[in-house]
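J.: what would the 3D arrangement of this be:
(chains A and B)
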Amino acid sequence: MTRAKNAIALKQSIGLMKFRTIRAKWAMLLLGLALPPITSCGSAAPSHLGYVALRGANGVTAYRINNQSAAFTRILGSPFPTGVSPASVCAHPSKRFVFVANQGENDISLLSADSQTGALSEVLPRVRTGIFPASLGMDSGGTFLYAANEASSNISIYAINSGSGALTEIAGSPFATGTNPVKLKVSPSGKFLYVLTPNLRSVYAYAITQGAGTLQPVAGSPFTVGISPSSFTIDSAEHFMFVTNASTSTVSVFAITPSGALTQIPGSPFATTTAATSTLPIDVAVSPSGGFLYVLNSGSNNISEFSIGGTGALTLLTASPVGSSGTGPVFILFDSNPKFVFVGNQGSNNISVFSVNSDATLTSVQTPGTLGASPSSMSVLP
Amino acid sequence: MQSRTHNNSARFIQLFICFLALSSSCLFAQKLPEIDVYGGYSHIRFNSPSFGFSNYSSLNGYSASITAPHLYEQLGLTFNASGDYGSKLTVYNFLLGPQFTFDRGRIRFFGNALFGKGEAKVQIKTATRNEIASQGFAAAVGGGVDINIAQRIAVRAIDIDYVHTKTFGSTQNTLRIAAGLVYQFGRK
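T.: Predicted structure coming up:
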């Protein structure tokens, strides 16, 4: 009897131990479930910032762009308010400030960037420009800001305070230029400023006085370009200028002399297509290596791809043109990672992202969500 | 946005009252089950790059819970509320769910799976607002260890949770580590 009771007690004891073991395992399992996130909470993927001016929304949308994939993450609070009808955006290399030309009210907004959230907040008051500022440009050091005023036909120049971003118009500004300038660009070396005046079919060239920011016309300026020029760009070595001619669907190529003067190369202008499939070129971007040129065609929603010869001569790539995923494209630019190209579309209100293949052709890889308003300009930081 | 926050708060208060009602009904029954009240420090490393921040955000704050650990054997119910704060970001979580408890002498191991709502608030100032907030689904899986230092008082040595939230249209997977004190009403 006692042995039987002992056997039952032993069985119960073994059962209890098993039950406790099972409970302990469950507890350990649940605890273990909490541990995997320790390995998943690494540091943030390397990224850089991009800013898109939205003319219709009177604001700027900020993005954090993944360095490797070019995936766009919209910064919370975007779009950030600016003045009326922002036409051009220019980010300061310090990554602390963004400048926006407000075409609708003839001034420039200074936006301060929060290093943690990426959010922008405007620092008032806005700085006056000439009439109808259309384009902003900055030297690579972020010392001076230039604004092309389309209606008053002059260039406003501002010294940038490196600490606060505040703009101070320099003595002698605004400087007169050709009639109705629509685009300006500081050359990569910072020595020259080029201004496009389509109505005059001209590019005005200026030497920039280093340290002062003032302009001196380059001998021979203005230089005649093609019919209905719409945009231009300069290669990083400052050997060539490429000007798109909208009505003739061509690209004019100019050699840049050491003094900043322009000389059209033999064979220029070059057609953007061999089968009339690429029309109304509206903007142009050159690869950072200087070996390839990409012309954005607004009439055909595609991009013509060229290789650039040693003399500046253009040769269409076999795969050219590549279709754009958006409609109504208005600007094209390289990402700070030269593996990607961005196109702003005013028809579909978005940015198209292209990857640059090893043969320099482009492939459409993604289209981040709609901007909600038409983009007019984009600036990308390293 | 503000009214949505109030609605959510009201919902969680209702949920919490239900939890108290359930627990108190057991309390007033014959068995008088144990109720643990916990409060302590919480730290999370929040996946703020998911909505545009430059880096992960290290946030510090509180975690508090009320638990009926033995509603049925080792199975119980717990309600947890936490708030974690940083220079530009605040995160709240209100979670409810089952808990499994395993007692071994003075030491209590527990694991739980909780579900509820999370809220993230980002301080972005403009002329018209001071912050932006977003609420969304939240879930947490984790566990911890309590060590009794007196008859009804325990130190929660560690409480680790994997917290999953959906705010600002993106997903955040976060590790939460907490520690504090537990008062165990009705523990024998």
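J.: what residue in chain B comes nearest to chain A?
T.: B:G111 (2.1 Å; C-beta to the nearest C-beta). Any C-beta I mention is one placed from the backbone N, CA and C, and that applies to glycine too.
J.: so, in contact with chain B or not, the helix or strand harbouring A:C90?
T.: Using DSSP states H and E, A:C90 falls within strand A:86-91. No. Judged by C-beta under 8 Å from any C-beta of the partner chain, strand A:86-91 stays clear of chain B, getting no closer than 14.9 Å.
J.: contacts only, for A:G178.
T.: Contacts for A:G178 were tallied using C-beta atoms under 8 Å, 6 or more residues apart in numbering or on different chains; they are A:153, A:195, A:197, A:200, A:202, A:204, A:222.
J.: now with 6 Å?
T.: Listed by C-beta atoms under 6 Å, 6 or more residues apart in numbering or on different chains, the contact partners of A:G178 are A:197, A:200, A:202, A:204, A:222.
J.: so which of those belong to strands?
T.: In this view, these that belong to strands under DSSP state E are A:197, A:202, A:204.
J.: quick check: bridge partners of the last one?
T.: Going back to what we said before, that points to A:Y204. Going by DSSP bridges, A:Y204 is paired in beta bridges with A:V195.
J.: from what I see, it and A:P222 are in contact.
T.: Yes. Counting by C-beta atoms under 6 Å, A:Y204 touches A:P222, with 4.6 Å between them.
J.: the two: which is more packed in?
T.: Legend: neighbour count by other C-beta atoms under 10 Å in any protein chain shown for A:Y204 and A:P222, higher for A:Y204 (23 against 19).
J.: got a list of what that one touches?
T.: Contacts of A:Y204 (C-beta under 6 Å, 6+ apart): A:177-178, A:195, A:221-222.
J.: what of B:G144?
T.: B:156, B:158-159.
J.: same deal with B:I147?
T.: B:106-107, B:154-155, B:157.
J.: for the closest residue to B:I153 other than its chain neighbours, name its beta-bridge partners.
T.: Using C-beta to C-beta, 6 or more residues apart in numbering or on different chains and skipping the chain neighbours, the partner closest in space to B:I153 is B:Y183 (6.0 Å). Counting by DSSP bridges, B:Y183 is bridged to B:V37, B:I153.
J.: and for A:G372, the neighbour number?
T.: Neighbourhood size, A:G372 [other C-beta under 10 Å]: 14.
J.: ok, and the closest non-adjacent residue to A:L145?
T.: Using C-beta to C-beta, 6+ apart, the nearest residue to A:L145 is A:Y158, at 4.5 Å.
J.: so where does that neighbour fall, helix or strand?
T.: strand A:154-160.
J.: are there helices or strands packed against that strand, and which ones?
T.: Other elements packing on strand A:154-160 under the criterion 3 or more C-beta pairs under 6 Å, 6 or more residues apart in numbering or on different chains; DSSP states H and E are strand A:144-149, strand A:167-169.
J.: rewinding a little: and the contacts of A:Y204, which is closest to A:G118?
T.: A:V195 (32.2 Å; C-beta to C-beta).
J.: quick one: average confidence on stretch A:86-101?
T.: If you average the pLDDT over stretch A:86-101, you get 96.
J.: can you list the contacts of B:I147 in a markdown table and add pLDDT?
T.: Output for the contacts of B:I147, formatted as a markdown table (pLDDT from 0 to 100):
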| residue | pLDDT |
| --- | --- |
| B:R106 | 92 |
| B:I107 | 95 |
| B:A154 | 95 |
| B:V155 | 97 |
| B:A157 | 96 |
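J.: among these, which lie within strands?
T.: Using DSSP E, these in strands are B:107, B:154-155, B:157.
J.: ok so, going back, with distance to A:G104 and neighbour count added, can I get the contacts of B:I147 in TSV?
T.: Putting those into TSV (distance: C-beta to C-beta, whole Å; neighbours: other C-beta atoms under 10 Å in any protein chain shown) gives the following:
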residue	distance to A:G104	neighbour count
B:R106	73	10
B:I107	70	13
B:A154	66	23
B:V155	64	16
B:A157	62	12
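J.: closest one of the residues you listed to A:E169?
T.: Taking C-beta to C-beta as the measure, A:E169 lies nearest B:A157 of the contacts of B:I147, at 64.1 Å.
J.: residue contacts, the closest one?
T.: Neighbours of B:A157 in contact, by C-beta under 6 Å, 6+ apart: B:145, B:147.
J.: likewise for A:R128?
T.: Per C-beta under 6 Å, 6+ apart, neighbours of A:R128: A:D107.
J.: got phi/psi on it?
T.: phi -70, psi 150 (degrees, to the nearest 10).
J.: ok so, going back, doesn't B:V37 make contact with the residue nearest to B:I153?
T.: Yes. The pair B:Y183 and B:V37 qualifies as a contact (C-beta under 6 Å) at a distance of 5.0 Å.
J.: before we move on, back to that, need the winner for burial among the helices and strands packed on strand A:154-160.
T.: Among the helices and strands packed on strand A:154-160, ranked by average contacts under mean count of other C-beta atoms under 10 Å in any protein chain shown, first place goes to strand A:144-149 (a mean of 27).
J.: run the chain-centre distance for that one.
T.: 18 Å (C-alpha atoms, centre = their mean, to the nearest Å).
J.: list the neighbouring strands of it plus their orientation.
T.: By DSSP bridges, strand A:144-149 pairs with strand A:133-138 (antiparallel), strand A:154-160 (antiparallel).
J.: now tell me what touches the longest one from outside.
T.: Under the criterion C-beta under 6 Å, 6+ apart, residues A:129-130, A:142, A:145-147, A:167-170, A:173-177, A:213 lie in contact with strand A:154-160.
J.: relative to B:L96, how far out is the spatially most central residue of chain B?
T.: The centre of chain B sits closest to B:N80, judged by C-alpha atoms, centre = their mean, with a distance of 3.1 Å. When distance is defined by C-beta to C-beta, to the nearest Å, B:N80 is 8 Å away from B:L96.
J.: ditto for A:A119
T.: 34 Å.
J.: which one of the two has more residues nearby?
T.: More crowded of A:A119 and B:L96, by other C-beta under 10 Å: A:A119, with 24 against 21.
J.: correct me, but the more buried one touches A:P79?
T.: No. Using C-beta under 6 Å, A:A119 is not in contact with A:P79; the gap is 11.1 Å.
J.: and A:T224, how many neighbours does it have?
T.: So A:T224, with other C-beta under 10 Å, has 12 neighbours.
J.: now it: phi and psi?
T.: With angles defined as degrees, to the nearest 10, A:T224 shows backbone torsions of phi -70, psi 140.
J.: report the contact partners of it.
T.: A:T224 neighbours (C-beta under 6 Å, 6+ apart): A:201-202.
J.: now the one 10 residues further on
T.: Residues in contact with A:I234 (C-beta under 6 Å, 6+ apart) are A:187, A:241.
J.: swap in A:T214?
T.: Contact analysis of A:T214 by C-beta under 6 Å, 6+ apart lists A:G172.
J.: check what pLDDT it gets.
T.: 94.
J.: quick check: phi and psi at the residue nearest to A:G347 when sequence neighbours are not counted.
T.: Nearest non-adjacent residue to A:G347, counting by C-beta to C-beta, 6+ apart: A:G328, 2.5 Å away. The phi/psi pair for A:G328 (degrees, to the nearest 10) reads phi 60, psi 50.
J.: do the same with A:S189
T.: The phi/psi pair for A:S189 (degrees, to the nearest 10) is phi -80, psi -20.
J.: so what's the residue count around it?
T.: By other C-beta under 10 Å, neighbour count at A:S189 equals 15.
J.: with adjacent residues omitted, what lies nearest to it?
T.: Distances taken as C-beta to C-beta, 6+ apart place A:E238 nearest to A:S189, at 5.5 Å, with adjacent residues excluded.
J.: and chain B, which residues reach chain A?
T.: For chain B, the contact set with chain A under C-beta under 6 Å from any C-beta of the partner chain comprises B:45, B:49, B:51-56, B:74, B:88, B:100, B:102, B:109, B:111, B:122, B:124, B:132, B:141-143, B:160-162, B:173, B:175.
J.: so which of those are in strands?
T.: Among the residues of chain B next to chain A, the ones falling in strands (DSSP E) are B:45, B:100, B:102, B:109, B:111, B:122, B:132, B:141-143, B:160-162, B:173, B:175.
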